[in-house]
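Colleague: Pasted the sequence and its predicted model underneath.
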Amino acid sequence: MASISKSNPLEEADDAEEEVQHFDDFTLASSWERFISDIEATCRQWLADGPKNLVEKGAVAVEDSKNLFTVKNELKNVAKSYCMEFYFQIENNGSQQAGIGNWNSNSHDLQLCFGVKDFLLIAPQSASGVLLDTPESSKLLSAVAIALSNCGSLWPAFVPVHDPSRKAYIGIQNMGTVFTRRFEADRIGSQVPVKLMHLEGLYELFVSKFVYSGVDFSMHNFKVHFMMRLTYQTFPYDEEDEEIDMDELMDDKTDAAENYGSESRNKVLWDDDCPWSEWYSAEDPLRGFELVVTWADRTVESTLEMAELENASPHDAEKWILHPILSPYLGDPSHGKRIDFASQLLCLVEALDTSFAAQFMEDFVSVENPSSENLKTSVVIPPPSVLDRVIKDLFREGSKLPDFNKGEHRLSRALKAAPLESLFTQFCLHSLWFGNCNIRAIAFLWIEFVREVRWCWEETQPLPKMPIDGPIDLSTCLINQKLHLLAICIEKKREMNEEFLDCIGSDDSSDASVSMEEHRKVDKRRNASSEADLQRKRDSSIAEDTSNRLRFERKTERTNSVNQSPTDAIRRGSAGPVGTMMLLKSRQQLHAPFTQDPPLMTEDMHEERLQAVEAFGDSLNVPGQLEKDILLSDMSAFKAANPDAVFEDFIRWHSPGDWESFEPKTTEPSAGPRTEGSKDEWPPRGRLSQRMSDQGNLWRKSWNDAPALPADDQKPLLDPNREGEKIVHYLETVRPHQLLEQMVCTAFRGSADTLNQTNFGNMRQMTSKLEQLYLIIKSTLGALQRNNLPDKAKTVKDLKRLCMVFESVEKLVAVAASIHRKFLDASRLAQVIFSDFYGIYAPTMGMSTNDEENKSRTEMEVSRQEVSLRERQVVSNLFSPPSANQSWRKVLSMGNLLNGHEPILREIIFSTGDDVNNGIHYAAAADVAATSDRMGEEIETHRMYVSGTSNDLRVGLSVTSCD
């Protein structure tokens, strides 16, 4: 019993001692051990979360990479702080990426150097961010390796070393059982040895890593896996130090205004044949191209093969990838930093907002006007030479009228503006660039413009860029209608002057009878007249020249007096018989007279006419003065052409609806053609309508008062002198806001029609976007077509928003034009590139002008596109041979030239492998590998990544060993 009682305390002591041995007393652990424990805890947490959960918890996407994310954690060891980052990749669906390609352009620098996927990076939190002490870097890397080994993780770990400019790293990775990979990367920033500039030297450098130093490489062959990627880039735009900073350009707007319209520019720009080049030169949205040429994995055995590869043409490579480089301005709103249609239209909208402050345009230039004094300090007025140049361009006479349908979209006519090539549209487009389109500059230009219009009117000179005939298009703006009518008045005034001079000349000559030869000439012209002219209706819009018709009528009358019967000779102004109709009284054929054209009227004249009709009533018994004048003119012409006509004859011809016929309807077919004047049907049975039979009918009274005068002898319905003077007066006294409202509408349409002329090939997205632009312009400008703006502030705000939409479409048109002209023979590639850009750019179109929202819109990048074999020549032509000025700056030390361009970056991967069971170095691991899944597997023993140029070389080496 005693012995048993003695053994109990010993057993309890042993148990207590065993319990103490399993207790981790961190109070006695070193700082180094605690540091390793912190690393291990962090790594275990990241392993447990997994990539998907880490993204949900706030992992940050790495810049310039779509699928690479990073998380970080701060660690402390004594007085030093470190930052440990974990980089991992996932696919778009959230799952971890299965692998990484050697040439993934979005890969991290360490992934490219060492061919890893997920990795750890630990660096000190210091100004340099690297470890300058070699023992400290080795100690830190060992700590991370121990922690990862305790976690059972196979992540590689890296530590930055040396100077930051060298981008040097050391790293380690536990490959599993007995294999370990060690990494090392360094960079030579200058004075690269000549041997390492060429592929032969790089090949020997890699071979030296796994063979004895005394081996002669030229006498032995070493099988090495080789991959190469070359990156070419077109020369930057304006490399010859001719690039102009946009900020400086906007500061020198005064100098730019003085040089407005200069034709001294000899340099050929990319958009010289684009429709907008007449007004401004746009920066090429495609600043250049980057071409990546890849040679796939192949095996080389000697330096001779490497020399042959260095001299190989890029066309022999297996893969071409093209990457368009976009201009930075595409991602940011201009905010006045660029000059294009959108920026100038915005200035015009601001001028509209200012135009309500004065009653006349002269007030903005008058010295006595206080508002003009306020404008003098903030606006720019071009010098008189620029003003003269613009006026000369506007009123330059051409041999023929321009095509007014040029550039017209099918939705253009929905905008109440003027055609693109018309005089007023050209004035509006010129005003956009005149003095930066401020209200004072517009006033100067408008006053001079009207002064020139008045000179054309007073001197009877043709108004350029305006038709001199045809109906007035009421769908255009009022000023364009006025200018059109003025051009017609000038032409009629000129014809009247010529006829007056002809009359004076005829009075001085003898009144001899017309010779037979002259009769033959008249007969020939009469027979050559078209049948359509003889069958014109009275109420049609006649587009032929009035004076030419009247002169033809006079010659026809002289011919009739000689060749026709005495009864027909008294007809004057006849255009020919009207079918089989006969006069009721004399049973002679009823002739249609030549009548005066209805007077042309503008929109405001129609409104005045309607107001007069409303004031006197809309009954035909109380017609307006204009209708009465037209009716009297038609009656006089009808009487002259039909001397024996009665009032009923005129009604039967002029208004058949007011003649009620009583002729019986027969269903039997007639034996032959029947005439109105046949004996069994004469006189025709019928009567006037009720309104024409009323007592005191004004039509009958007008018939009785109308003299028998042909249209040639009547007073013209349109007085060109009176109407022309009224039009010029309107232009001189138009209200500033009314002028600016029409200018805004016309400038938007003119700018849109100019962009619509751009040739961008078969890009359906662009066609659809232009149609949307016209619809948006129509809906926004609807408020300006009213006489009074309901809300001026809201309208101006909407117009500024429209300018932003216009800017987006204008950029899109420039991109489409640039892509199309560069890929004329590679339409597929052009369509793919534009579609990719459109998908990125379209969501940003029309964004708010809020600066906070636009801060993220700094750069846009389209994806890389693979080039087919048939398209390679087109892409190769993009790399034009360098000029002499560009060539002398380049030191052509590398091979594989593309049209004289050497690669801006050469990347090479050398690798070699060995079977796990082969080789002296790995024999010690054969027994381990034989019992594992690595039986017969080849592992990569050496890998070297080389990147750079002839003046910059970076090498990353990874070696697998058995520890």
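Modeller: In hand now; what should we look at? Residues are numbered from 1 along each chain as shown.

Colleague: Now the phi/psi pair for R687, please.
Modeller: Backbone torsions for R687, taken as degrees, to the nearest 10, come to phi -160, psi 170.

Colleague: gap between the closest residue to it other than its chain neighbours and S689?
Modeller: Leaving aside its sequence neighbours, R687 sits nearest to E660 (CB to CB, 6 or more residues apart in numbering; 5.5 Å). Heads up, the C-betas are built off the backbone N, CA and C, glycines and all. Counting by CB to CB, to the nearest Å, the separation of E660 from S689 is 6 Å.

Colleague: Can you get me a residue count around K778?
Modeller: By other CB atoms under 10 Å, 18 other residues sit near K778.

Colleague: Now V144: closest residue in space, sequence neighbours ignored.
Modeller: Nearest non-adjacent residue to V144 (CB to CB, 6+ apart): A157, at 4.3 Å.

Colleague: Could you verify my assumption that the one you found touches A143?
Modeller: No. With contact defined as CB atoms under 8 Å, A157 does not reach A143; the gap is 9.5 Å.

Colleague: More neighbours: which of the two?
Modeller: A157 (27 against 24).

Colleague: so what pLDDT did that one get?
Modeller: You'll see A157 listed with a pLDDT of 95.

Colleague: what bridges to it?
Modeller: L120, I172 (DSSP bridges).

Colleague: distance between stretch 818-837 and the chain's centre?
Modeller: Relative to the chain's own centre, stretch 818-837 is displaced by 14 Å; criterion: CA atoms, centre = their mean, to the nearest Å.

Colleague: Compute the first-to-last residue distance for it.
Modeller: 13 Å (CA to CA, to the nearest Å).

Colleague: Identify the residues contacting that stretch?
Modeller: 270-271, 284-286, 322, 324, 326, 759-763, 765-766, 815-816, 860, 862-863, 865, 867-868, 870-871, 874-875, 878 (CB atoms under 8 Å, 6 or more residues apart in numbering).

Colleague: For the helix or strand encompassing the residue nearest to R687, name the packing helices and strands.
Modeller: Here E660, judged by DSSP states H and E, is contained in strand 659-661. In terms of contacts (3 or more CB pairs under 8 Å, 6 or more residues apart in numbering; DSSP states H and E), strand 659-661 is packed against helix 647-654, strand 686-688.

Colleague: how about a cut-off of 7 Å?
Modeller: Counting contacts by 3 or more CB pairs under 7 Å, 6 or more residues apart in numbering; DSSP states H and E, strand 659-661 is packed against strand 686-688.

Colleague: Just the buried residues of the helix or strand just after the strand it packs on, please?
Modeller: Scanning forward in sequence from strand 686-688 by DSSP H and E, the next helix or strand is helix 690-693. When burial is assessed from 16 or more other CB atoms under 10 Å, helix 690-693 yields the following buried residues: M692.

Colleague: Next secondary structure after helix 690-693?
Modeller: Heading C-terminal from helix 690-693 (DSSP H and E), you reach helix 698-705.

Colleague: gap between that next one and the chain center?
Modeller: 63 Å.

Colleague: Stretch 316-328 too?
Modeller: 23 Å.

Colleague: For that stretch, output the C-alpha coordinates as PDB.
Modeller: Taking C-alpha atoms only, stretch 316-328 is exported to PDB below (Å, rounded to 0.1, in the frame of the first residue of the first chain):
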ATOM      1  CA  ASP A 316       7.800  34.400 -90.900                       C
ATOM      2  CA  ALA A 317       6.500  34.500 -87.400                       C
ATOM      3  CA  GLU A 318       3.600  32.300 -86.400                       C
ATOM      4  CA  LYS A 319       1.400  35.000 -84.800                       C
ATOM      5  CA  TRP A 320       0.700  38.700 -85.300                       C
ATOM      6  CA  ILE A 321      -1.200  40.700 -82.700                       C
ATOM      7  CA  LEU A 322      -2.200  44.400 -83.500                       C
ATOM      8  CA  HIS A 323      -2.900  46.900 -80.800                       C
ATOM      9  CA  PRO A 324      -4.200  50.400 -81.800                       C
ATOM     10  CA  ILE A 325      -3.000  53.200 -79.600                       C
ATOM     11  CA  LEU A 326      -5.700  55.700 -79.000                       C
ATOM     12  CA  SER A 327      -5.300  59.400 -78.300                       C
ATOM     13  CA  PRO A 328      -5.900  60.400 -74.700                       C
END
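
Colleague: Show me what it is in contact with.
Modeller: With contacts defined as CB atoms under 7 Å, 6 or more residues apart in numbering, stretch 316-328 is touched by 283-296, 833, 859-862, 864-867, 872, 875.

Colleague: Now do the contacts for the residue nearest to V144.
Modeller: Counted by CB under 7 Å, 6+ apart, A157 has contacts F119, L120, I122, L141, V144, A145, L148, G171, I172.

Colleague: what sits against the residue nearest to the spatial centre of the chain?
Modeller: Computing the C-alpha centroid of the chain and ranking residues by CA atoms, centre = their mean puts V813 first, at 2.0 Å. Neighbouring residues of V813 by CB under 7 Å, 6+ apart: L755, T758, F760, M766.

Colleague: Can you tell me how far the closest residue to the first one other than its chain neighbours is from H315?
Modeller: Counting by CB to CB, 6+ apart, the nearest residue to L755 once its immediate chain neighbours are dropped is V813, at 4.9 Å. In this view, V813 and H315 are 34 Å apart by CB to CB.

Colleague: what do you get for D64?
Modeller: Separation of D64 from H315 (CB to CB) stands at 29 Å.
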